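J.: Got a sequence here, can you build the structure:
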Amino acid sequence: MKFPHDLLRFRPHWPLALLAAISAIFIFANLGSDYLWEDEGDTAALAVNILKFGVPKAWDGAAFLDSDHGARLNRDLVMVTHPWVQYYLAAGSFLIFGQNTFGARFPFALAGWTSILLVYCFIWRLTQSRLSAFSAAALLTVSVQFLLYARQCRYCALNLLLIAWLFWSFFKMKSARDCALFVAAAVLLFHTHPYGIAPAAALCALTLVYRPFFTQRRFVFLAAPAIALLTVPWLALSSLSSSGSELNTTAAQSIGEFAERCAQAFIEFTSVTPLIGSAILLSAAVIWARSQRKRGVEVSEGSTTTPDEKPARVFEINEASIIVSATATILLYAVGTAITQSSDSLWLAGMRYASPVLPLAAMVAAIGIGKVCRGRMLIWLTLMFVFALTKLAQLTPWVSWNPSGLIRFGKYSVGAHVPARIFDRFLGTGLLIYIRDLWRENPGTVEESCKFLRENAKPGDVLIVNYGMEPTYFYTRLPQAMGILQTYPVFQRARELGLPDFVFGVDHARWIVWRSAWETGPGYAINDVLQELVARGGRIVTVLEMDETVWENREDIHFHRFSDGSYLFPRTQTFPKSLVARVDWPER
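T.: Residues are numbered from 1 along each chain as shown. This next block holds a predicted model:
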């Protein structure tokens, strides 16, 4: 039987087909089973409003949805602080699949899965090493942090795909068409998340100082102004139209604080990527090559003949270029996040703002693995086991002596993430738990409260909820009271626009969903709400108590709750029961 020519060309890459199938199961299995958590709900709720208004408005006539109390909005209550790509992508998916959990997550999951294939193709094209290409793709497939990002209705998964596209277009930028593709990737990265400008800046800067990239320099002179033209105006619009950027970023007050932030960024990056192991492997490859050169020199000095060949390079040009460009991008991400985020914020956010580091770290590790194993399968299998199924290539085992994770430097301190159980500090047990959870439901407080409301509330019943407003509205479509307080920056404008009274108070609210973990999150406490309701004649009856799961489907592995209620890393705090209460009014 004769195979078509294209299939014959693909046949050497059959391991990729197997890996693609496995990764598809890891990413798409039961994608719509667990409810969206708060940040996912933000994306989904604003995407729904795009279908209504064409732009991501925070007010749709029934609920005011902005987790930053209106700081992200302009005078028309349109969200302008965060770029819009993720919202429009989710809106497009809703048109195809309907407004449901699967529809919210699918395009992002597809982007995450596609990034694995693109990373393979990128490494293969540049290094001609199927082993290195497969290693990079495999390291992403078994990275729990990567998989959690890929299954989120959030910008992180888009970053995973776009960083691979950006690198691909940059390395092959030899024409105006390639330059246009580079600009498109850079602009989309920015409009997925503003920190996405970091890799484009790093690559453009390298064309000025790194000789192998000199050929791209003239195209960068064309690309840079185009990228600026398509990104800088958004920053101006965001800054002038809202206060969200100021609210979500903080400048370091001293050199010491900036160093503290950089140290925390280093901890976050090395806790979920094999950067430490990669540094060791690359150093070992350099040392080995130098020893071979030295031995060759000694042999040639004792020989009567002159060797015809020059000593082989440690890394081929493209291999070295990938390592250099990936390293520069990672460093710029670290500096960028350290400039704008406090160490506490970095500890809580993890790799969220720098998710492109995951594919880059996998590329660098794969090149190191390929270089050290030199085609010997036993060495390759050993290294892949260490990098993929243990944490020895990450920071975690090397700080396991300190269960609290707190590291002090005088008045400054950083926090490492140390698993509660000792063997979790050394082995990649999170992957096994992740795979197990693909066939289990992981219900949390959001799901339990929303299911109750869908069964018991009537359309139009007004709801008070102190946290998780976006996913709660996405699943119930119930109007929400107390969405805007007088202290919120958007209060006066909302009054001018004529929003109904229930948005500003308890006006005949029928239900209360009170999350104990967020007692004063929106600016009021439960006692304030109860007193106001009673004063207006309402009678409150608690109808459901729920375990408070905080962030049950959070994307960061350090805070992710698994289906049996367990966490790989210690929970910092436990909370009392959350509740759902019904408010009975005299006229009802």
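
J.: low-scoring stretches of the stretch 251-400 of the chain, by residue?
T.: The model of the stretch 251-400 of the chain has pLDDT under 70 over residues 295-312.

J.: The chain too?
T.: In the chain (pLDDT under 70), the answer is 1-10, 295-312, 572, 588.

J.: hmm, 50 instead?
T.: 1, 3, 308 (pLDDT under 50).

J.: Contact partners for Glu38?
T.: Glu38 sits next to 67, 446, 467-468, 470-471, 551 when contact means Cβ atoms under 8 Å, 6 or more residues apart in numbering. Every C-beta, even on glycine, is put in place using the N, C-alpha and C of the backbone.

J.: so who does the closest residue to Arg539 other than its chain neighbours touch?
T.: In this structure, Arg539 finds its nearest non-sequential neighbour in Asp584, 4.6 Å apart by Cβ to Cβ, 6 or more residues apart in numbering. By Cβ under 8 Å, 6+ apart, Asp584 lies in contact with 538-541.

J.: Specify which member of those is nearest to Ser343.
T.: Ile540 (41.2 Å; Cβ to Cβ).

J.: sec struct for the closest one, please.
T.: strand (DSSP: H, G, I helix; E, B strand; the rest coil).

J.: Buried among the contacts of Asp584? Need that as a selection in ChimeraX.
T.: Buried residues within the contacts of Asp584, by 16 or more other Cβ atoms under 10 Å, are selected in ChimeraX with:
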select :538
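
J.: Pipe the contacts of Asp584 into a markdown table and attach distance to Leu51 per row.
T.: Below are the contacts of Asp584 laid out as a markdown table (distance: Cβ to Cβ, whole Å):
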| residue | distance to Leu51 |
| --- | --- |
| Gly538 | 35 |
| Arg539 | 38 |
| Ile540 | 36 |
| Val541 | 36 |
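
J.: now, the most widely separated pair of the contacts of Asp584?
T.: Longest span within the contacts of Asp584, Cβ to Cβ: Gly538 and Val541, 10.1 Å.

J.: Give the residues shared as contacts by those two.
T.: If you check Gly538 and Val541 against Cβ under 8 Å, 6+ apart, the residues they both contact are 583-584.

J.: any chance of the contacts of Glu38 in CSV, plus distance to Arg154, secondary structure and neighbour count?
T.: Output for the contacts of Glu38, formatted as CSV (distance: Cβ to Cβ, whole Å; DSSP: H, G, I helix; E, B strand; the rest coil; neighbours: other Cβ atoms under 10 Å):
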residue, distance to Arg154, secondary structure, neighbour count
Ser67, 13, coil, 18
Val446, 15, helix, 30
Tyr467, 18, coil, 22
Gly468, 15, coil, 26
Glu470, 12, helix, 28
Pro471, 12, helix, 28
Trp551, 13, coil, 18
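
J.: Tell me which stretches of this protein form strands.
T.: Ranges of strands in the chain, per DSSP state E, are 406-409, 412-415, 463-465, 511-514, 539-546, 578-584.

J.: Just say which of these is most tucked in.
T.: Counting by mean count of other Cβ atoms under 10 Å, strand 463-465 has the highest mean neighbour count of the strands of the chain, with a mean of 27.

J.: that older thread, so which of the contacts of Glu38 is the closest to Gly410?
T.: For these, the residue nearest Gly410 by Cβ to Cβ is Trp551; the value is 32.1 Å.

J.: I'd like the distance between the closest one and Phe575.
T.: 12 Å (Cβ to Cβ, to the nearest Å).

J.: what does Ala535 give?
T.: On the measure of Cβ to Cβ, Ala535 and Phe575 end up 28 Å apart.

J.: Same question for Ile227.
T.: In terms of Cβ to Cβ, Ile227 sits 45 Å off from Phe575.

J.: Among these two, which residue is more densely surrounded?
T.: Shown here are Ile227 and Phe575; by other Cβ atoms under 10 Å, Ile227 has more neighbours (23 against 16).

J.: Now that one. Nearest residue, chain neighbours left out?
T.: Nearest one to Ile227, counting by Cβ to Cβ, 6+ apart, is Ala186 at 4.9 Å.

J.: what's the burial count for the one you found?
T.: Look at Ala186: counted by other Cβ under 10 Å, it has 28 neighbours.

J.: Pretty sure it sits against Ala200.
T.: Yes: contact status for Ala186 versus Ala200: in contact at 3.7 Å, counting by Cβ atoms under 8 Å.

J.: Find residues that contact each of those two.
T.: Common neighbours of Ala186 and Ala200 (criterion: Cβ under 8 Å, 6+ apart): 166, 227.

J.: so which of the contacts of Glu38 comes closest to Gln264?
T.: Trp551 (19.8 Å).

J.: In contact with the closest one, which residues are there?
T.: Trp551 touches 37-38, 559-561, counting by Cβ under 8 Å, 6+ apart.

J.: repeat that for 6 Å
T.: Listed by Cβ atoms under 6 Å, 6 or more residues apart in numbering, the contact set of Trp551 reads 37, 559.

J.: Please report the distance of Leu77 from Arg493.
T.: Where Arg493 is concerned, Leu77 sits at a distance of 7 Å (Cβ to Cβ).

J.: Comparing the two, which residue is more hemmed in?
T.: Neighbour count, other Cβ under 10 Å: between Leu77 and Arg493, Leu77 has more, with 25 against 17.

J.: right, and that one touches Asp60 too?
T.: No: using Cβ atoms under 6 Å, Leu77 is not in contact with Asp60, being 9.7 Å away.

J.: on that earlier part again, turn the strands of the chain into CSV, columns for distance to Ala29.
T.: Shown next, in CSV, are these (distance: least, Cβ to Cβ, whole Å):
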stretch, distance to Ala29
strand 406-409, 37
strand 412-415, 33
strand 463-465, 30
strand 511-514, 30
strand 539-546, 27
strand 578-584, 29
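
J.: For Ile367, which of the ones you listed is the nearest?
T.: Per Cβ to Cβ, nearest to Ile367 of the strands of the chain: strand 412-415, 29.3 Å.

J.: Can you list the neighbours in contact with that closest one?
T.: Strand 412-415 has contacts (Cβ under 6 Å, 6+ apart) with 256, 260, 263-264, 267, 343, 347, 405-407.

J.: let's go with 10 Å and repeat that
T.: Strand 412-415 has contacts (Cβ atoms under 10 Å, 6 or more residues apart in numbering) with 254, 256-257, 259-268, 343-344, 346-348, 404-408, 558.

J.: Okay, and which of these map to helices?
T.: Judged by DSSP state H, the contacts of strand 412-415 include 256-257, 259-268, 343-344, 346-348 as members of helices.

J.: re earlier: out of the contacts of Glu38, which comes closest to Phe504?
T.: Checking these one by one against Phe504 (Cβ to Cβ), the nearest turns out to be Ser67, at 17.8 Å.

J.: for the closest one, what are its contacts?
T.: By Cβ under 10 Å, 6+ apart, the contact list for Ser67 reads 38-39, 41-42, 58, 467-470, 521-522.
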